[in-house]
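Participant: Here's my sequence, what's the structure:
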Amino acid sequence: MVGLPSEDSSDSTHRLDSENNNSDQRVYFVPFRWWKDAQGSTSGESDAKRGILYTATPGTSYAGPLKLINNIFNSDLAFTLRKEEDSLHSDENGEVGVSGRDYALVPGEMWLQALKWHSDAKVAAKGGKIFSAAEDDMADVYPLQLRLSIPRETNSLGVKISKKDNAVELFRRACKIFSVDSEQLRIWDFSGQTTLYFVNERNRFLKDCQRQSDQEILLELQVYGLSDSIKCREGKKDEMPGQHPASCSSAVSVLTNGCNGTANSNFICTDASSFCGRTGEAGSLGLTGLQNLGNTCFMNSAIQCLAHTPKMVDYFLGDYSREINPDNPLGMNGEIASAFGDLLRKLWASDATPVAPRTFKSKLARFAPQFSGFNQHDSQELLSFLLDGLHEDLNRVKSKPYVEVKDGEGRKDEEVADEYWQNHLARNDSIIVDICQGQFKSTLVCPECKRVSTTFDPFMYLSLPLPSTTLRTMTVTVISTDGTSQQSPFTVTVPKSGKFEDLIQALSVACSLGPNETLLVAEIYNNRIIRYLEDPADSLSLIRDDDRLVAYRLNKDIDKAPLVVFMHQQMEEQYGKLNSGWKTFGTPLVSRLSNVVNGSDIHDLYLKLLNPFRTQAVEVLDDRDASDSNAVEDISQKEHASSPVSNGFEMPPAANGVVSSAEAELQFYVTDEKGIVKESHIIMGEAVPAARVSGRLHVLASWPEKYVKQYDIQVLSSLPQIFKSCFFAKRPQESVSLYKCLQAFLMEEPLGPEDMWYCPGCKEHRQASKKLDLWRLPEILVIHLKRFSYNRFLKNKLETYVDFPIDNLDLSNYIGYRNGKLSNRYMLYAVSNHYGSMGGGHYTAFVHHGGGQWYEFDDSHVYPISLEKIKTYAAYLLFYRRVVE
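Facilitator: Okay, the predicted model is just below:
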């Protein structure tokens, strides 16, 4: 029950035992026949069995705010409950409850008694003796939020079930249960809660309620026995959030689990390995589940891990309230700490049933609106907010002093680190700092003046990248410049935040670059070179995945000789020969201009570079006699002198189809870098124009039709992207050790262009290199595996299997400051898992419960799990505690 105090009641109200602090104060909504069967066999006064009968009618008289607007436009479920005057004795009628449309409102304690009676009846039939409110029963309980209004007439209540208050799945179920259009719906109230609306002192009562408006009150029901979704335990990882798995042996009918009139349904599970309710077994403390309120598995998973954290449990089970700091402006008035402490106590109470963390979630949504509603969220983001919130709410420092950060000034790291830590403790002192906070050593180095800056900063957890996110796969096409081989693509792996020199080094190894060779890398776009990548310090982030790069193998011995860049064009007919024109194609070819004097040398060099692309079906005669060569030169000169030229481009052949001998051969033109302007025709035997200031001569080769048939243009034009991502392709399963993730996290890397560091030596912002080291380790070490990645187009989850130690995580080789008094070894005690895709999925938790026994917490379900099942590809948050040596 939320916001309805049970101390105000009438004579017909069933009172809970006020002396039992552990009694369930919630109100359960159950099938009346199921309740009546148990009621008729239990002892007690007759008045305790009587209730108030309400009949439901369509919600035309809903009296909430903006009544007219709600009735016209609101698609939420609304109906009216009208109180029957003769209800005190009508429950003796044998016909009541026979229909599947009769329900009962009962308090938690009486619901448990009825559940026990049904369980005993079932177990007795099998000769058993143990009662267990087990996982099948808890899975069949789900919360439902109702908004109640009080019309002027005192014998009815307006009820609205809103989509905004309930998860989509729960609202769908409510629509089936409370449909009042086709068949009469009756509800018996044995809890006495509805009577509170008709007491004379209504104003005083409403003042104490959790109200949504001046005329609305929020009522929470725990619906039992009315699930319409039954799933097997084996399929739990594939369920959508908000759906609760139930027993596979439950009988299914119009109202599932056999609760529409049958008393012999198989819904009680007596498996002693399940701890979903009152197990009655020693050592079951802390084995209490959390109900899923609608996509709150992310919260349940993180809370269960914290609720089994050593020292934190002892702290919140003790008198923690005296350390609450309600005046901390950075805190939450102590409300987050109080709500978490109350929730943890419920989870560690004896004979506890699965807890609905509704109060905690409402506090969470109040101070962190991003977690409001019923959307799926990230358990790490919840954990980060919760640890910060608990720290500020429990901060023992009431007035934070101003602390001036001093430069190291050549002092020892130990001295500077202790100073930073003491400054931190002067402003931050809480149970979270005591057990969860460590210290980094951060080193920045200026790339220009080599100025070193060292700071020591606190941390609450380690966010470790998976190696697949720190490396980048790049495909680059390597082309020879001596005509000995075709172009070949090479795929290499480089640091994601690396530099251009890293790419050159990886390519050199991949293509077996000789000691006298070097690589000239260029980007190709529209069959032209648009830029050269020659600065080894350039960041690889400047290269996009859809870029196309070519690496030309050049000889170092003649590196002073100018370069010649050949671009290719061919005649392309668009709408007949009258509209034909030249079009560039293929990858540009590059070579050195050594021993090149005239046009014939250019011709021979180009054919040499084309040689690897020559088709095997056609043999090209490389040896031409001098007479033929001289004849071609003469014809070329004459043709060039009489050939019409328009705007620097050679006109297409004559329309009569007659092709001259010159047009049947390759034609070469000096052009610009883009290959657009034909500046001069290169004539056979005549001197070649000198290379430009850039040291590169750009030549455009015009292909006759016969050359197009003699060479494999498709291979020449084939150029893969840097990285071709396939949206539907599933990446291969990767495996990596946790130590590799830690090494990637601690690896030195340059800051991004958006994180420039202001160098006090240069007095300018620099892209410095940064190095992190672990300096001081906490007692509780939380490790976050960064499985989720984002870019402008896609959100992706990495399914990498991380092999993490369970009994012995040794960080001795990674700690910068070795304190002989403290151990650097850790033992795993909890794991937060995420199954499924990034947009949805499901969270669970693995928790070590002493004696070598692990348990899986899957919302309200808790059951043992073997040690070999702890390591999975779903591990997301790892919780370690220091081993005391």
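Participant: so how many other residues sit close to the closest residue to R26 other than its chain neighbours?
Facilitator: The shortest distance from R26 to any non-neighbouring residue, by Cβ to Cβ, 6 or more residues apart in numbering, is to G108 (4.6 Å). Using the backbone N, CA and C atoms, a C-beta is placed for each residue, glycine as well. Residues within reach of G108, counting by other Cβ atoms under 10 Å, total 18.
Participant: Over to D407?
Facilitator: Other residues close to D407 by other Cβ under 10 Å number 11.
Participant: Give me the distance between it and Y103.
Facilitator: 72 Å (Cβ to Cβ, to the nearest Å).
Participant: Check Y606 too.
Facilitator: 89 Å.
Participant: So the two - more neighbours on which side?
Facilitator: Y103 (28 against 20).
Participant: Would you list the strands that whichever strand or helix holds the more buried one pairs with, along with their directions?
Facilitator: Per DSSP states H and E, Y103 falls inside strand 102-107. Strand 102-107 pairs in its sheet with strand 27-31 (antiparallel), strand 185-189 (parallel), by DSSP bridges.
Participant: Columns distance to Y876 on top of those strands, output as CSV?
Facilitator: Converted to CSV, the strands paired with strand 102-107 look like this (distance: least, Cβ to Cβ, whole Å):
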stretch, distance to Y876
strand 27-31, 34
strand 185-189, 43
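Participant: Determine which of the ones you listed approaches K678 most closely.
Facilitator: For the strands paired with strand 102-107, proximity to K678 was assessed by Cβ to Cβ; strand 27-31 is nearest, at 85.6 Å.
Participant: For G341, give me the backbone phi and psi.
Facilitator: phi -60, psi -40 (degrees, to the nearest 10).
Participant: now the angle between strand 27-31 and the helix or strand that the strand holding Y103 is followed by, please.
Facilitator: Going down the chain from strand 102-107, the next helix or strand is helix 108-125, by DSSP H and E. Counting by axes from the mean of the first three to the mean of the last three Cα atoms, to 10 degrees, helix 108-125 lies at 40 degrees to strand 27-31.
Participant: list the buried ones in helix 108-125?
Facilitator: Neighbour-count burial for helix 108-125 flags 108-112, 114-120, 122-123 (criterion: 16 or more other Cβ atoms under 10 Å).
Participant: where along the stretch 451-600 of the chain do the helices fall?
Facilitator: Taking DSSP state H, counting those that start in this stretch as the criterion, the stretch 451-600 of the chain contains helices spanning 467-470, 500-510, 599-610.
Participant: what mean pLDDT does the first one have?
Facilitator: What that stands for is helix 467-470. The average pLDDT for helix 467-470 rounds to 70.
Participant: What of the longest one?
Facilitator: When pLDDT is averaged along helix 599-610, the result is 90.
Participant: Could you tell me which residues within it count as buried?
Facilitator: 599-603, 605-610.
Participant: And the second one, by the same measure?
Facilitator: Residues of helix 500-510 classed as buried under the neighbour-count rule (16+ other Cβ under 10 Å) are 500, 502-508, 510.
Participant: about what we covered before: and the strands paired with strand 102-107, which is most packed in?
Facilitator: Across the strands paired with strand 102-107, averaging neighbours per residue (mean count of other Cβ atoms under 10 Å) puts strand 27-31 on top, at a mean of 24.
Participant: Could you check how far the next helix-or-strand element following that strand is from the centre of its chain?
Facilitator: With elements assigned by DSSP H and E, the helix or strand that comes after strand 27-31 is helix 32-39. Distance of helix 32-39 from its chain centroid, counting by Cα atoms, centre = their mean, to the nearest Å, is 46 Å.
Participant: How about stretch 410-422?
Facilitator: 37 Å.
Participant: Only the buried residues of that stretch, if you could.
Facilitator: 413, 416-417, 419-421.
Participant: Please enumerate the helices of the stretch 251-400 of the chain.
Facilitator: Going by DSSP H, counting those that start in this stretch, the stretch 251-400 of the chain shows helices at 297-307, 312-317, 335-347, 358-367, 379-393.
Participant: I'd like to know which of the helices of the stretch 451-600 of the chain is closest to D859.
Facilitator: helix 467-470 (29.8 Å).
Participant: can I assume V564 is in contact with P588?
Facilitator: No - contact criterion Cβ atoms under 8 Å: V564 and P588 do not qualify, at 10.2 Å.
Participant: re earlier: for my notes, please list the strands paired with strand 102-107 in CSV and give mean pLDDT and distance to E764 for each entry.
Facilitator: Below are the strands paired with strand 102-107 laid out as CSV (pLDDT from 0 to 100; distance: least, Cβ to Cβ, whole Å):
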stretch, mean pLDDT, distance to E764
strand 27-31, 88, 67
strand 185-189, 87, 74
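Participant: quick one on the thing from earlier: also compute the angle for the strand holding Y103 relative to helix 32-39, please.
Facilitator: Using the same axes, to 10 degrees, the inter-axis angle of strand 102-107 relative to helix 32-39 is 50 degrees.
Participant: Understood, closing this out.
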